[in-house]
Each structure stands twice: as structure tokens, then as C-alpha cells.
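Asker: Take this sequence and fold it.
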Amino acid sequence: MMNINFRKNITIASLSCIIMAALSCNGTKENHSDENVVFPKGKKVGNTNFTGTAWLTMLTENDTIYNTQIGNVTFEPGARTNWHYHKGGQILLVTQGKGYYQEKGKQIKIIKKGEVIKCPPNVMHWHGATPTDTLVHVAISTNTDNGTVVWLESVSDEEYSKYKND
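Answerer: A predicted model of the protein is given here:
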């Protein structure tokens, strides 16, 4: 009889361990690996060209053959770039979430997953996440033989909060 109880306890303990391990793995997968993510999150951006927390993975560095620089950028809610412009222009491919894009002198636009934004050469602009959403985009600096990005002042909290849902 003791042998049967011992086996039951071992079986229950084993099943409990298996269930706990499965739940633990599932939680880990959800927390650290999103199936919708196209590229890795990369390293936290540690410069003054961004407000808030952003992450960058460089996919290709500039070279003399392709004259293009490509990076995957993840913006946590409220994060954004400074005002800047690209001498050769920039293309943004929004792969996840929702954010803002604004050209100097124009209203802020909402940008969402699946959209392509063309930032003309030498046009001052900024982009980033909304206050409540994460934004992920692939940033392509084009025609880098014309020059690279020129970073300007921060987008103030007042400028950032001017989005009008018209």
C-alpha cells in the first residue's frame, strides 16, 4: 500500500513539475519573443538624439555600393527622435505598433503597421511612438552618398502632445 501511495505522490509531483515548466516556458516565450517581431530589438539607444527609451538593431551599414543604411528601431510608448533631416532622404517601413510622424510646419500624422513613410531629402521631421503604444519601424537612409542624417533639437513635450485626431 505504501508503494502505491509513494508512486501516486511521485506521479503527482512529476506532473506538477511538467505543468510548471510548461507554464514557465510559455511565459518566457511571451515575455521575450514576440512572433510578430521581424528583427531583434537590438541595443538600447544611449545618445541624446532620442527622448524616452528606444532600441536599435543595425541591419546594414552604409557602403559605397548600395549607399544605404538600414536599421530596425523600437520605440517604447512616448519615445521619439529629435528633429532631424536626411540629406539623401529616408524611408520608414512600419512593422509593428502605432506612432507619430511629423514634418516641420505640418500636422502630426498617425503611422501604423504596414505603412510606408517617405521622408524627402532635407525635410526636417521626427517620428516615434504614441504615448500609449510601442512603435517598431525599419528606417532606411537612402542616397547616403549625398550625406547622412543631421540631428537637431529635441521635440518638446508641448510639440509632441499637439496631435489632433481630425
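Asker: The chain: strands as residue ranges?
Answerer: Taking DSSP state E as the test, the strands found in the chain are 43-44, 50-51, 54-60, 69-75, 80-81, 84-86, 90-103, 109-112, 116-119, 125-129, 135-141, 149-151.
Asker: So which of the ones you listed is nearest Y163?
Answerer: Judged by Cβ to Cβ, the one of those that comes nearest to Y163 is strand 90-103, at 6.2 Å. No exception for glycine: its C-beta is placed from N, CA and C like everyone else's.
Asker: Counting by contacts, list what the closest one packs against.
Answerer: strand 69-75, strand 109-112, strand 116-119, strand 125-129, strand 135-141 (3 or more Cβ pairs under 8 Å, 6 or more residues apart in numbering; DSSP states H and E).
Asker: quick one: it to strand 69-75, angle?
Answerer: 40 degrees (axes from the mean of the first three to the mean of the last three Cα atoms, to 10 degrees).
Asker: wait, what's in contact with H137?
Answerer: Going by Cβ atoms under 8 Å, 6 or more residues apart in numbering, H137 touches N72, V73, L92, L93, V94, T95, G99, I111, I117, H127.
Asker: May I see the domains of this structure written out as residue ranges?
Answerer: Domain ranges of the chain: 1-33, 43-160, per automatic domain parsing.
Asker: now, of those, which is deepest in the fold?
Answerer: Among those, domain 43-160 has the highest mean neighbour count (mean count of other Cβ atoms under 10 Å), at a mean of 17.
Asker: Export the strands of the chain as a markdown table, with columns for mean pLDDT and distance to Y160.
Answerer: A markdown table is the format used below for these (pLDDT from 0 to 100; distance: least, Cβ to Cβ, whole Å):
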| stretch | mean pLDDT | distance to Y160 |
| --- | --- | --- |
| strand 43-44 | 96 | 20 |
| strand 50-51 | 97 | 8 |
| strand 54-60 | 95 | 14 |
| strand 69-75 | 96 | 12 |
| strand 80-81 | 98 | 6 |
| strand 84-86 | 97 | 15 |
| strand 90-103 | 97 | 8 |
| strand 109-112 | 97 | 13 |
| strand 116-119 | 98 | 17 |
| strand 125-129 | 98 | 8 |
| strand 135-141 | 96 | 13 |
| strand 149-151 | 96 | 17 |
